[in-house]
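In: no FASTA, just this:
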């Protein structure tokens, strides 16, 4: 059973919340980010980029210390406020036809360490260390880990009842996403949520592998250097828990450069070993089933359907389309050995992947592209349960959560 507990969030004052929350820092183009910060003094981006007010870029430990200063300034100025009692935070987001609902809570690093919270991606040690250093200095975390769990009717019913009430926050941001948040501090409701999650044996990381790994690294550090009370606070990290039926998973297409010297016929003959190949012409083509891939090469689309006799599935990873593409195409035909380090590989995820792929290849940025259907939740869980790891960029998972909506403060004494 996973430990899922309420916490005292730091969060925006209700009259400023629409101005405070931001997308993840890296989602902004530089010009857009500068424009937001120039005209919105309440944006959480001012905390993340503290050198902006001095018109100077700052890095490393110096930047981390300034992030902490800017966070405290937002608290002192009443832009951010601290919750008075430990609470859960029910959050509903809607964009176009996609709606999702889950809760912000604190989850235990022990559960991460003991595989109660399961992973499906590799992490890079330097990124774990960098983010742990950051958290240790700034003493708060504003970006939750996205976790998913099997649907629980008892929890769904409780959440529907709560959503009949007036939310604490109800606003729409300029990216046309509508946000609603309910603060759950009533002891009976807290008990009801805890009873609901007592039936959940395993949580799965959907997004945030480096954030969870860094939190665990920080907790282990604090066990060595801090007193037990401080260590207890660091033994948790902020998560957003969502039923698996409400996840939306999209696929990344793979684009490859540096293959211009290879003849089209040679590539097709190489593919024939593992695939039935169908010409699709010049119109953008998207695959529609598992083990089917699209390929765009020199003005033509092709459908590649895996031959049943050519590939055996020894485990859940070997049946994953991103792994099949790597093992049967990228590695043997184009010499891609390490997907994380090969500079010829580029990934795109767009509403119309085939159209964007065609544009990039037609203008010569890349030589060849491959598309596939999205990974589904059951594949993600099977790979996590088996202790296996997906190739990089196997999933683009939504919802993408805003920064600064709820903040987990490691110095909160009442957790």
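Out: Done, it's in. Everything numeric in this text was worked out from a predicted model, so none of it was measured. Residues are numbered from 1 along each chain as shown.

In: What residues sit buried inside the helix or strand harbouring residue 192?
Out: Counting by DSSP states H and E, the element that carries residue 192 is helix 187-197. Judged by neighbour count using 16 or more other Cβ atoms under 10 Å, the buried positions of helix 187-197 are 189, 190, 192, 193, 196, 197. The C-beta positions use only the backbone N, C-alpha and C, and glycine is treated the same way.

In: Going by contacts, tell me the helices and strands next to that helix.
Out: strand 4-5, strand 88-95, helix 153-162 (3 or more Cβ pairs under 8 Å, 6 or more residues apart in numbering; DSSP states H and E).

In: which of the ones you listed is buried the deepest?
Out: Most buried of those, by mean neighbour count (mean count of other Cβ atoms under 10 Å): strand 88-95, with a mean of 21.

In: Pull up the pairing partners for that strand, direction included.
Out: Counting by DSSP bridges, the strands paired with strand 88-95 are strand 98-108 (antiparallel), strand 178-184 (antiparallel).

In: Outside of that strand itself, list whatever touches it.
Out: For strand 88-95, the external contacting residues (Cβ atoms under 8 Å, 6 or more residues apart in numbering) are 6, 9, 11, 99-105, 159, 162-163, 167, 175-184, 189-190, 193, 240, 399, 405-406.

In: where does the chain dip in pLDDT?
Out: Residues of the chain that meet the criterion pLDDT under 70 lie in 226-232, 412-415.

In: What about it, which residue is the most distant from its middle?
Out: Relative to the centre of the chain, the most outlying C-alpha is that of residue 265, 39.1 Å out, by Cα atoms, centre = their mean.

In: Surely that residue forms part of a helix?
Out: Yes: according to DSSP: H, G, I helix; E, B strand; the rest coil, residue 265 belongs to a helix.

In: wait, residue 14 sits on residue 170?
Out: No: look at residue 14 against residue 170 with Cβ atoms under 8 Å: they stay out of range, at 9.6 Å.

In: need the strands for the stretch 301-415 of the chain, in chain order.
Out: Counting by DSSP state E, counting those that start in this stretch, the stretch 301-415 of the chain has strands at residues 345-348, 368-372, 396-398, 408-409.

In: Distance-wise, check the nearest residue to residue 139 once chain neighbours are set aside relative to residue 205.
Out: Spatial nearest neighbour of residue 139, excluding adjacent residues (Cβ to Cβ, 6 or more residues apart in numbering): residue 410 at 4.7 Å. The spacing between residue 410 and residue 205, counted by Cβ to Cβ, to the nearest Å, is 21 Å.

In: Which one's more surrounded, these two?
Out: residue 205 (23 against 19; other Cβ atoms under 10 Å).

In: Once you drop chain neighbours, what's closest to the more buried one?
Out: Of all residues not flanking residue 205 in the chain, residue 119 sits nearest, at 5.3 Å (Cβ to Cβ, 6+ apart).

In: isn't the one you found right next to residue 383, touching?
Out: No: using Cβ under 8 Å, residue 119 is not in contact with residue 383, being 9.3 Å away.

In: Which residues are in contact with each of these two?
Out: Residues touching both residue 119 and residue 383 by Cβ under 8 Å, 6+ apart: residue 389.

In: These two: who's more crowded?
Out: residue 383 (25 against 20).

In: Got phi/psi on the nearest residue to residue 209 once chain neighbours are set aside?
Out: Using Cβ to Cβ, 6+ apart and skipping residues adjacent in sequence, the residue nearest residue 209 is residue 121, 4.5 Å away. The phi/psi pair for residue 121 (degrees, to the nearest 10) reads phi -130, psi 150.

In: got a list of what residue 121 touches?
Out: Contacts of residue 121 by Cβ under 8 Å, 6+ apart are 205, 209, 389, 390, 392, 394.

In: Check the burial of residue 204 by counting its neighbours.
Out: Other residues lying near residue 204 total 21 when counted by other Cβ under 10 Å.

In: For beta bridges, what are the partners of it?
Out: Counting by DSSP bridges, residue 204 is bridged to residue 118, residue 148.

In: quick one: it and residue 379 touch, right?
Out: No: if you go by Cβ under 8 Å, residue 204 and residue 379 don't touch, sitting 11.3 Å apart.

In: What distance do you get for residue 212 to residue 362?
Out: Taking Cβ to Cβ as the measure, residue 212 falls 40 Å from residue 362.

In: and the two? which has more neighbours close in?
Out: residue 212 (25 against 12).

In: hang on, the more buried one packs against residue 145?
Out: Yes: assessed by Cβ under 8 Å, residue 212 is found in contact with residue 145 at 4.8 Å.

In: Touching both of these two, which residues are there?
Out: Residues touching both residue 212 and residue 145 (Cβ under 8 Å, 6+ apart) are 205, 237.

In: tell me the contacts of the residue nearest to residue 242 when sequence neighbours are not counted?
Out: Nearest residue to residue 242, sequence neighbours excluded (Cβ to Cβ, 6+ apart): residue 102, at 3.5 Å. Contacts for residue 102 were tallied using Cβ under 8 Å, 6+ apart; they are 90, 91, 240, 241, 242, 243, 246.

In: ok, so of the residues you listed, who is nearest residue 303?
Out: Taking Cβ to Cβ as the measure, residue 303 sits nearest to residue 246 out of the contacts of residue 102, at 31.2 Å.

In: Roughly how far does the closest residue in space to that closest one that isn't next to it in sequence sit from residue 353?
Out: Distance criterion Cβ to Cβ, 6+ apart; nearest residue to residue 246, sequence neighbours excluded, is residue 100 at 4.3 Å. According to Cβ to Cβ, residue 100 stands 22 Å off from residue 353.
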